[in-house]
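Student: pasted the sequence and its predicted model underneath.
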Amino acid sequence: MTISVLKNKRERGFLDGHFLIAMPNMADSNFARTVVYICAHSADGAMGFVINRPQQLSFSDVLLHLQLLEEDELIRLPGETREFPIRSGGPVESGRGFVLHSDDYMSESSIPVSDDICLTATLDIVKAISRGDGPRQGMMMLGYAGWSAGQIESEIGANGWLSCPAQEELIFDTNLEEKYERALALMGISPGMLSADAGHA
């Protein structure tokens with residue numbers, strides 16, 4: 001499974017722009033108590049990002065690793081740039097970076113994933129953020145979550161996930177500790193209402 005499902009999308013799948021919320025019986029530890037934002041869903045598969053898993057690297061670490069700045073230049077970065085959020089986006093290609101962001105920033109390589117949200121996976125956006133010219137809202141994702149054709153439908157059918165329309169505010173919110181509960185609340189559900197044997201929406 002690659003990001004080709006996103007690059008090749010021509011029309012929206014029914015899970016595009018939705019959250020997947022892991023059920024308590026989620027067997028894969030990569031997705032326990034996760035909220036995944038689905039960027040693309042089609043007959044070929046699905047691709048999205050875990051939005052509530054922290055990443056130990058900082059944006060300053062990324063700039064140094066990519067050799068975009070020297071260490072002595074970091075002190076001149078604005079605080080909001082140094083604190084640009086980085087998340088563990090999923091288990092696939094975990095060393096690869098993507099920036100999920102609001103649509104006020106667009107480059108030739110930016111891919112719209114919804115009416116308001118885009119994805120850019122090239123150095124131009126990292127450079128723009130370091131200059132203070134980046135998007136109003138955004139976060140860097142290291143890795144992504146991918147499903148082959150029919151896989152996500154099978155997992156939902158097996159009561160592995162709940163789904164609901166995504167909320168932009170929740171995608172970019174930095175309070176990771178409560179994001180799982182808040183995503184469930186969008187559906188009027190509290191964690192205590194869920195069990196491994198419960199039905200699914």
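Tutor: Yep, that arrived. Numbers count the residues shown, from 1 in each chain.
Student: element containing the spatially closest residue to residue 138 that is not a sequence neighbour, please.
Tutor: Excluding the flanking residues, the one nearest residue 138 by Cβ to Cβ, 6 or more residues apart in numbering is residue 101, at 3.3 Å. Glycine gets a C-beta too; all of them are placed from N, C-alpha and C. In the assignment (DSSP states H and E), residue 101 maps to strand 92-102.
Student: could you do residue 184 as well?
Tutor: Secondary structure assignment for residue 184, by DSSP H and E: helix 179-185.
Student: and for residue 130?
Tutor: Applying DSSP H and E, one finds residue 130 within helix 123-131.
Student: render the CA-only coordinates of that helix in PDB, please.
Tutor: Presented in PDB, the C-alpha positions along helix 123-131 are these (Å, rounded to 0.1, in the frame of the first residue of the first chain):
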ATOM      1  CA  LEU A 123      10.800  20.300   1.300                       C
ATOM      2  CA  ASP A 124       9.200  23.500   0.100                       C
ATOM      3  CA  ILE A 125       6.700  23.500   2.900                       C
ATOM      4  CA  VAL A 126       9.300  22.700   5.500                       C
ATOM      5  CA  LYS A 127      11.400  25.700   4.300                       C
ATOM      6  CA  ALA A 128       8.300  27.900   4.300                       C
ATOM      7  CA  ILE A 129       7.500  27.000   7.900                       C
ATOM      8  CA  SER A 130      11.100  27.700   8.900                       C
ATOM      9  CA  ARG A 131      10.700  31.200   7.300                       C
END
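Student: now that helix: average pLDDT?
Tutor: On average, the pLDDT along helix 123-131 is 88.
Student: find the centremost residue of this protein, please.
Tutor: Central residue of the chain (Cα atoms, centre = their mean): residue 49, 2.9 Å from the mean position.
Student: re the thing from before, okay, buried residues for the strand holding residue 101 please.
Tutor: For strand 92-102, burial by neighbour count (16 or more other Cβ atoms under 10 Å) applies to 92, 97-102.
Student: strand partners of that strand, parallel vs antiparallel please.
Tutor: Applying DSSP bridges to the sheet, strand 92-102 is found paired with strand 117-120 (antiparallel), strand 138-148 (antiparallel).
Student: residue ranges of the helices in the protein, please?
Tutor: Listed in chain order, the helices of the chain (DSSP state H) span 4-7, 59-65, 79-82, 123-131, 151-157, 168-172, 179-185.
Student: can I get those helices in CSV including distance to residue 192 and mean neighbour count?
Tutor: Conversion of these to CSV gives the following (distance: least, Cβ to Cβ, whole Å; neighbours: other Cβ atoms under 10 Å):
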stretch, distance to residue 192, mean neighbour count
helix 4-7, 35, 18
helix 59-65, 36, 17
helix 79-82, 37, 12
helix 123-131, 39, 18
helix 151-157, 22, 16
helix 168-172, 20, 17
helix 179-185, 10, 18
